[in-house]
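Peer 1: structure, please.
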Amino acid sequence: MDLGLTDKIIIVTGGAKGIGAAAVRSFAAEGAKVVITGRSPAEGIALAQETNGLFIEAELSNESACRRVVEETLAAYGRIDVLVNNAGYNDGKNLESTPKEFMTSVHLNLSHVYTLTHLCREELIRNRGAVINVGSKVATTGQGQTSGYAAAKGAMNALTREWAIAFAPDNVRVNCVLPAECITPQYQTWFDSLNDPAGTRAGIEQLVPLGHRMTTPEEMADTIVFLASSRSSHTTGQLIYVDGGYTHLDRAASADHSKWG
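Peer 2: Okay, here's the model as predicted:
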């Protein structure tokens, strides 16, 4: 299927690793030119070389860095068609954290989403582009130990619908994809810190109804790329869970029924 993304200019934040890197590769496979932004220069430069794209090292919590990303993208390619707001980090700031720590967490996970969308808006309107936000199931389910991250991702859900309405007169689409248990490098690092990584992963996978396995970054990426394409031309304001049914299906669907009765 031709998704019509050849020579489209895509910005992917947090694009050097995990879901972001998978999205970069999936966009490149469709013939798009991808600008990778984030704080991992070694991985970002290597990925840009692999995909014939551009890496811009940036601390996106700073407005000036976001402006530089947009300016350098326009200098290199002359346009922006799609913005993927993927950068974020579950930093575990919970109710024991100070109000200042909470607000810092929200700022780090949310400010760049607004800033880059604001800065890209004229290009997105000019090119009838798309915004894809990458959220998290914690915005729906809660987690209990991550107030800042949950607040930021909840705001991302709300902004997806707010911006879908704001951009609709200009034919710009805004959607959000939400992972639950996706096996990213960040998740693997957490597994590796435990006494029984394999056992913990097996326990989590048992909770996923479809296939009893974790979602792959590539599965997230393919949904992101589809939503960026003209093949989803009448889809906007949607929160799409790529999670094997983890978030919404009855927990009984994940149980071993042979042990019941």
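
Peer 1: quick one: pLDDT of the nearest residue in space to A76 that is not next to it in sequence?
Peer 2: Leaving aside its sequence neighbours, A76 sits nearest to L54 (Cβ to Cβ, 6 or more residues apart in numbering; 5.6 Å). Bear in mind the C-beta positions are built from the backbone N, C-alpha and C, glycine included. According to the prediction, L54 has pLDDT 98.

Peer 1: what's the answer for the one 4 residues further on, then?
Peer 2: According to the predicted model, the pLDDT of A58 comes to 97.

Peer 1: measure it to I240 for me?
Peer 2: As judged by Cβ to Cβ, to the nearest Å, A58 and I240 stand 27 Å apart.

Peer 1: what about the two, which has more around it?
Peer 2: Per other Cβ atoms under 10 Å, whichever of A58 and I240 has more neighbours is A58, with 21 against 18.

Peer 1: which residues of the stretch 1-150 of the chain fall in strands?
Peer 2: Taking DSSP state E, counting those that start in this stretch as the criterion, the stretch 1-150 of the chain contains strands spanning 9-13, 33-38, 54-57, 82-85, 130-134.

Peer 1: let me fix that, I meant to ask about the stretch 151-261 of the chain.
Peer 2: Under DSSP E, counting those that start in this stretch, the stretch 151-261 of the chain gives strands at 173-179, 239-242.

Peer 1: where does the prediction get shaky in this structure?
Peer 2: The model of the chain has pLDDT under 70 over residues 257-261.

Peer 1: let me see the domain layout of it.
Peer 2: Domain segmentation of the chain under automatic domain parsing yields 9-180+216-242, 185-214.

Peer 1: over to the last one now: how far is its first residue from its last?
Peer 2: Its first and final residues considered, domain 185-214 spans 13 Å by Cα to Cα, to the nearest Å.

Peer 1: quick revisit: closest one to S254 among the domains of the chain?
Peer 2: Proximity of the domains of the chain to S254 was assessed by Cβ to Cβ; the nearest stretch is domain 185-214, lying at 4.9 Å.

Peer 1: re earlier: make a markdown table from the strands of the stretch 1-150 of the chain and add distance to C66 and mean neighbour count to it.
Peer 2: Formatted as a markdown table, the strands of the stretch 1-150 of the chain follow (distance: least, Cβ to Cβ, whole Å; neighbours: other Cβ atoms under 10 Å):
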| stretch | distance to C66 | mean neighbour count |
| --- | --- | --- |
| strand 9-13 | 9 | 27 |
| strand 33-38 | 9 | 26 |
| strand 54-57 | 10 | 20 |
| strand 82-85 | 11 | 29 |
| strand 130-134 | 14 | 26 |
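
Peer 1: format these as a markdown table; extra columns: distance to N195.
Peer 2: Converted to a markdown table, the strands of the stretch 1-150 of the chain look like this (distance: least, Cβ to Cβ, whole Å):
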| stretch | distance to N195 |
| --- | --- |
| strand 9-13 | 34 |
| strand 33-38 | 31 |
| strand 54-57 | 36 |
| strand 82-85 | 35 |
| strand 130-134 | 31 |
